[in-house]
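> Below are the sequence and a predicted model; questions follow.
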Amino acid sequence: MDIEKRIELITREPIEEVITQEDLRKLLQTKDKPWAYDGFEPSGLLHLGSGILRAIKIQDLLDAKLGFILWIADWFAWINNKMGGDLNLIQKAGEYMIEGWKACGVDTKKLKVLWTSDAADDKEYWKGVLEVAKQTTIQRTIRAGTIMGREEKEMLYDAQIFYPCMQAYDPFYFNADILQLGMDQRKVMVLSREIAPKLKRTPPVICAHHLLIGLQGAEAGRMTADVKMSKSVPKGTIYIHDSKKEIEEKINSAFCPEKVVEGNPLLEIWRYIVFRKFDSRTIERPQKFGGNLELQSYGELENIYKEGKLHPMDLKKGTIEALDEILAPARKHFEKGKAKELYEIVKRAEITR
């Protein structure tokens, strides 16, 4: 596979920002199989963004002949007081997440699944973390602390200072060449690049992905991390094991103004998920309203909706049918065995921000 095709696959949506294109090209020219990674705090149920969209992008990277690391950041969730700060419960949630990614189509045999708790047993890991801390000011670390989903003013206790330093060092610990995390993690990804020369390491390439908007929508120009789909806002989130009835209730209540494209969560679902899972899709509607609508691309859907040729209720019905079909394998995966047991444990747990 030539470099241009590999770059196309790596930077394909939902990738939103690459730092830098030149560094990415050089990496592919000099290393046969670079490694990318994404890290997750085990802190609740997987949704469209953390489950389905994550699986879609991982497949792009595997198709581009990259290695991929899923970093189960259990100690990060513990520091961040997720799930009531119960480390054992957090680790059960990590096991659930692995089952969830399998249910969404990730072949875990083709990538590495690593745990922060394993790295925590290695003194070399902590040596690297402290080296980052020695090279970073407290104020710089506090600014990066927003990656925890908290404002700077919420950085109140000492353990929180470790979090950005740990994450900034992580890619160097397991030799990741590409940081393929969400846009909400941008500050610490930039810190990793800045700190790399001081650690005598090559700055990793950033390929930051878009954050799927929650069903509450986003105001025009306000496409920020606080409106992303999140397990802490259940009514604004489609979980990977939601029933068709649950999908219907949530989608029918979703923000979806007529002719409005920007900040419309349903159009986001079609752009980043539906048209990545299907080459074409039909939205059924009564003949008196124009009959069934055959769609070949997201661009076609966006233009039709913007022009008012598709009513929000018809878009909602089409979204419900598409998601029900996409999530059917995940629902089935969690009906029995270990997957069901882990799902029940996480579902019953306290979800804390």
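Great, that's in hand.
> show me the contacts for Met189.
Shown in contact with Met189 (CB atoms under 8 Å, 6 or more residues apart in numbering): 19, 179, 181, 204, 206, 208. C-betas here are computed from N, CA, C, even on glycine.
> Closest one to Ala73 out of these, please.
Of all these, the one with the least separation from Ala73 (CB to CB) is Leu181, at 10.7 Å.
> surely Ile7 meets Lys26?
No: Ile7 lies out of contact with Lys26 (CB atoms under 8 Å); the separation is 11.3 Å.
> do you know how far Ser243 is from Gly217?
With distances taken as CB to CB, to the nearest Å, Ser243 is found 23 Å from Gly217.
> For the two, indicate the residue with more neighbours.
Taking other CB atoms under 10 Å, Ser243 and Gly217 do not tie; Gly217 has more neighbours (20 against 12).
> Spatially central residue in the protein, please.
The C-alpha lying nearest the average C-alpha coordinate of the chain belongs to Ser50 (CA atoms, centre = their mean; 4.2 Å).
> Ramachandran coordinates for that one?
Phi and psi for Ser50, reported as degrees, to the nearest 10, are phi -80, psi -20.
> Tell me the spacing between the nearest residue to it once chain neighbours are set aside and Leu46.
Leaving aside its sequence neighbours, Ser50 sits nearest to Phe40 (CB to CB, 6 or more residues apart in numbering; 6.8 Å). Distance from Phe40 to Leu46, counting by CB to CB: 9 Å.
> Can you work out which residues contact both of those two?
Shared contacts of Phe40 and Leu46 (CB under 8 Å, 6+ apart): Met97.
> Compare neighbour counts for these two and give me the winner.
For Phe40 versus Leu46, neighbours defined as other CB under 10 Å are more numerous around Leu46 (27 against 21).
> wait, doesn't the more buried one sit right on Cys104?
Yes: Leu46 lies in contact with Cys104 (CB under 8 Å); the separation is 7.5 Å.
> Which neighbours do the two have in common?
With CB under 8 Å, 6+ apart as the test, Leu46 and Cys104 both reach Ile240.
> isn't the residue nearest to Ser50 right up against Asp74?
No: contact criterion CB under 8 Å: Phe40 and Asp74 do not qualify, at 9.5 Å.
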